[in-house]
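Trainee: predicted structure and sequence below. I'll ask about it afterward.
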Amino acid sequence: MENLIFSLNNVAPVFLIVFLGYWIRRWNIIDAQFSRMASRFVFTVTLPALIFTSLVRTDFYQTFNSRQVVVGIVATLISYAFVWIVSIFFTHDGRDRGVFIQGSYRGNFAIIGFAIIYNLFGSDLMSNAAILLAFAMPLYNVLAVIALTVPLNSERNIPVKKIMFDILTNPLIIAALVSVPWSLLKVGAPKVMMTSLDYLAGVTLPLALVGIGASLDFHKIKAEFSRALAATIIKIVILPTTLTWFSWRLGVTGEALGILFILYGAPTAIASYIMAEAMGGNRELAANIVLISTLGSIFTLALGIYLLRSIGII
């Protein structure tokens, strides 16, 4: 019972803020424009600030867990290949297949994942999560471009060069690329700069969670429900279960394994909807995968943390 209460106490607050965002949108305290601008502000300003401050303050040589990073990357590639094969049985055209693939493997680790890790392990391990994100984010984006481009290649002309340019100029990737050498060289940052960035970083999680809630639309849940449900089961049940076991068998244990579980089990990222819409994918399917996986992960993340703690793995 103690482990169950611990798990709920660490997962529930994150989703309570998400649902707060949903209701204050319903009450017209904020609108769709606020939600879009808040998400953009988080993505381009506050989340890069959080990643930068987390990595700059850490001793990279002591914090970097090569086994965790390598296993996380290998597990992501395995899950990507698995999902691509499974998508053949659930989709019949390119605009559906790419969305199904992306929605089944790409998790919201940067927002919901970070929030749960902060609650679960405290601020000390945020730098470890930021290092993992620095490797996972470019991989997620490249794999998403492939998934959304290849199935549609014969149907329309996709500006792949522009998408690749957007990946290279991704604010999260830039923040990681700038902060990692800073950490390696142990160059001290001016206190004024770090204090200002701390203010911005502190806004990230609550504002992002409110934005996620405000973007949820339950009226559209009937559209593409069966395929969205299939992708959700893969994303928050099958993959985190099998990949966490795979990671444990490869020697990742303790808090490092807990962070990988959250990486694998986080609900589908809202960025998958934005990317699908921009590249001509099935936007209704993408939106439903985000919605259903977000709702379902409330229970699967809490249950997963409970089981891992009960077994004594984390």
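Mentor: Yep, that arrived. Numbering: from 1, shown residues only.

Trainee: give me the contact list for the helix or strand where Phe89 lies.
Mentor: Using DSSP states H and E, Phe89 falls within helix 66-90. By C-beta atoms under 8 Å, 6 or more residues apart in numbering, the residues outside helix 66-90 that reach it are 97, 100-101, 104-105, 128, 131-132, 135-136, 139-140, 143, 147, 227, 230-231, 234, 239, 243, 246-247, 250-252, 256, 259-260, 263-264. Every C-beta, even on glycine, is put in place using the N, C-alpha and C of the backbone.

Trainee: give me the buried entries from those.
Mentor: 97, 100-101, 104-105, 128, 131-132, 135-136, 140, 143, 147, 227, 230-231, 234, 239, 243, 246-247, 252, 256, 259-260, 263-264 (16 or more other C-beta atoms under 10 Å).

Trainee: how about low-confidence regions in the stretch 151-300 of the chain?
Mentor: For the stretch 151-300 of the chain, residues meeting the criterion pLDDT under 70 lie at 152-160, 162-164, 166-167, 223, 278.

Trainee: isn't Gly113 right up against Ala266?
Mentor: Yes: shown here, Gly113 and Ala266 form a contact pair, counting by C-beta atoms under 8 Å, at 4.4 Å.

Trainee: overlap of the contact sets of those two?
Mentor: Common neighbours of Gly113 and Ala266, counting by C-beta under 8 Å, 6+ apart, are Gly107.

Trainee: count of residues packed around Trp248?
Mentor: 18 (other C-beta atoms under 10 Å).

Trainee: no wait, Arg40
Mentor: For Arg40, using other C-beta under 10 Å, the count is 12.

Trainee: likewise the one 5 residues further on?
Mentor: One way to gauge burial is a neighbour count; for Val45, by other C-beta under 10 Å, it gives 16.

Trainee: so who does the residue positioned nearest the centre of the chain touch?
Mentor: In the chain, the centroid-proximal residue (C-alpha atoms, centre = their mean) is Asn108; its distance is 1.9 Å. By C-beta under 8 Å, 6+ apart, the contact set of Asn108 is Ile212, Ala266, Pro267, Thr268, Ala269, Ile270, Thr294.

Trainee: among the contacts of helix 66-90, which ones are in strands?
Mentor: Judged by DSSP state E, the contacts of helix 66-90 include no members of strands.

Trainee: where do the helices sit along the stretch 101-250 of the chain?
Mentor: Here the stretch 101-250 of the chain has its helices, by DSSP state H, counting those that start in this stretch, at 114-121, 126-149, 160-168, 171-185, 191-215, 225-233, 239-249.

Trainee: for Ile29, which of these is the nearest?
Mentor: Shortest separation from Ile29 across those is recorded for helix 191-215, at 9.5 Å, computed as C-beta to C-beta.

Trainee: mind listing what's buried along the closest one?
Mentor: 194, 197, 200-201, 203-205, 207-215.

Trainee: same deal with stretch 277-296?
Mentor: Within stretch 277-296, judged by 16+ other C-beta under 10 Å, the buried ones are 279-296.

Trainee: restricted to helices, list these.
Mentor: 283-296 (DSSP state H).

Trainee: which two of those have the greatest separation?
Mentor: Arg283 and Gly296 (20.3 Å).

Trainee: ok, now which ones touch Thr253?
Mentor: By C-beta under 8 Å, 6+ apart, Thr253 lies in contact with Ile313, Ile314.

Trainee: any idea how far it lies from Phe60?
Mentor: Separation of Thr253 from Phe60 (C-beta to C-beta, to the nearest Å): 21 Å.

Trainee: now Ile173
Mentor: Distance from Ile173 to Phe60, by C-beta to C-beta: 17 Å.

Trainee: and stretch 226-236, how far from the chain's centre?
Mentor: 16 Å (C-alpha atoms, centre = their mean, to the nearest Å).

Trainee: report the inter-axis angle for the strand or helix carrying Ala276 versus helix 126-149.
Mentor: Per DSSP H and E, Ala276 falls inside helix 270-278. Helix 270-278 and helix 126-149 are oriented at 20 degrees to each other (axes from the mean of the first three to the mean of the last three C-alpha atoms, to 10 degrees).
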